[in-house]
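Asker: sharing a sequence plus its predicted fold:
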Amino acid sequence: MLEIRGVSAGYGRLEALKSVDLTVAKGEVVFVVGPNGAGKSTLLKTVSGLMAPSAGTIAFNGETIAGEPPERLCCRGLALVPEGRSIFRTLTVEENLSVAAMIRSDRDAAAADRERVLDLFPILRSRYHGVAGHLSGGEQQQLAIARAILQRPLMMMIDEPSLGLAPLVIDQVYESLRQLNADGLTLLVVEQSTARILDLASRIYVLRNGHVALEGAACDLADGHALEEAYFGYGAGRAAQA
Ligand SMILES: Nc1ncnc2c1ncn2[C@@H]1O[C@H](COP(=O)(O)OP(=O)(O)OP(=O)(O)O)[C@@H](O)[C@H]1O
């Protein structure tokens, strides 16, 4: 579904991504993990059209998308939940969901999807008329994911869904991601910590200093130290599979 080949991107003279190869197949949950400054957010910004790559190719569903603006990618079925959640804090939950669904012309299906996200995140139903800025961090994360679902994506990219959340709330957010994936949504998730990803991940990429330091199936990385070694940059890790 997503094929990234030799992608580099950066800020002025700083090259934050250095010839990155990454793929996501339909139905997969692919995690990209790495320490601070590894280039994880830059990767999502580049795929979602917020930044243009300086080299390489990006294809989504077999079509080249590198350099396309975010609004066009959104219509192609690529949704981003950015770091910091990007909700309208002064609007109510209902208004946040309405704005997210504005790109939809299929009103009945959009209304059905709204019911579905309210079933998936019951707390949003109980806070439906409340101001989004008054929600807790976990509730805001759920609202941000709900907004992305209303765009009817084929693939959702999420930047650090567990950032700043209590362990119990992270469990809830991860459970909702598991349900969305079981319903057919393909996921590309960035996390700084590897702590909780193994149960949900199909495959994992470790990014360090803008390079892919390791790539492998979650079941192969669950035991042993390869993941830890690649993350912290000690030991050889396993060579990245192109
Ligand atoms: N707007 C920017 N202007 C200049 N440099 C930036 C900018 N955003 C990120 N960088 C730099 O690019 C590199 C990669 O940053 P990026 O945010 O992609 O890393 P990250 O892996 O997402 O880190 P974190 O987990 O801390 O969010 C870092 O060296 C960072 O300082």
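Answerer: That came through fine.

Asker: against which helices or strands is the longest helix along the chain packed?
Answerer: Across the chain, the longest stretch assigned as helix under DSSP state H is helix 167-182. In terms of contacts (3 or more CB pairs under 8 Å, 6 or more residues apart in numbering; DSSP states H and E), helix 167-182 is packed against helix 107-120, helix 137-149, strand 186-191. C-betas here are computed from N, CA, C, even on glycine.

Asker: check which element follows the shortest one along the chain.
Answerer: Elements were assigned by DSSP states H and E; along the chain past strand 186-191, the next helix or strand is strand 203-208.

Asker: re earlier: tell me the mean pLDDT for the longest helix of the chain?
Answerer: For helix 167-182, mean pLDDT rounds to 91.

Asker: same question for stretch 143-153.
Answerer: Here stretch 143-153 scores 93 as its mean pLDDT.

Asker: which parts of that stretch are buried?
Answerer: Across stretch 143-153, burial judged by 16 or more other CB atoms under 10 Å covers 143-153.

Asker: which two in those residues are spaced the farthest apart?
Answerer: L143 and R152 (17.0 Å; CB to CB).

Asker: residue contacts, the closest residue to R147 other than its chain neighbours?
Answerer: In space, and not counting its chain neighbours, R147 is closest to A100: 3.7 Å by CB to CB, 6 or more residues apart in numbering. The contact partners of A100, by CB atoms under 8 Å, 6 or more residues apart in numbering, come to 146-148, 150-151.

Asker: follow-up on the earlier one: closest to the ligand out of the helices and strands packed on helix 167-182?
Answerer: Ranking the helices and strands packed on helix 167-182 by proximity to the ligand (CB to the nearest ligand atom) places strand 186-191 first, at 6.8 Å.

Asker: and the angle from the closest one to strand 203-208?
Answerer: If you take axes from the mean of the first three to the mean of the last three CA atoms, to 10 degrees, strand 186-191 sits at 30 degrees to strand 203-208.

Asker: please see if strand 186-191 touches the ligand.
Answerer: No: if you take CB under 6 Å from any ligand atom as the test, strand 186-191 misses the ligand, and the best it gets is 6.8 Å.

Asker: got a list of contacts for that strand?
Answerer: For strand 186-191, the external contacting residues (CB under 8 Å, 6+ apart) are 1-2, 24-33, 40-41, 43-44, 47, 83, 154-162, 177, 180-181, 197, 200.
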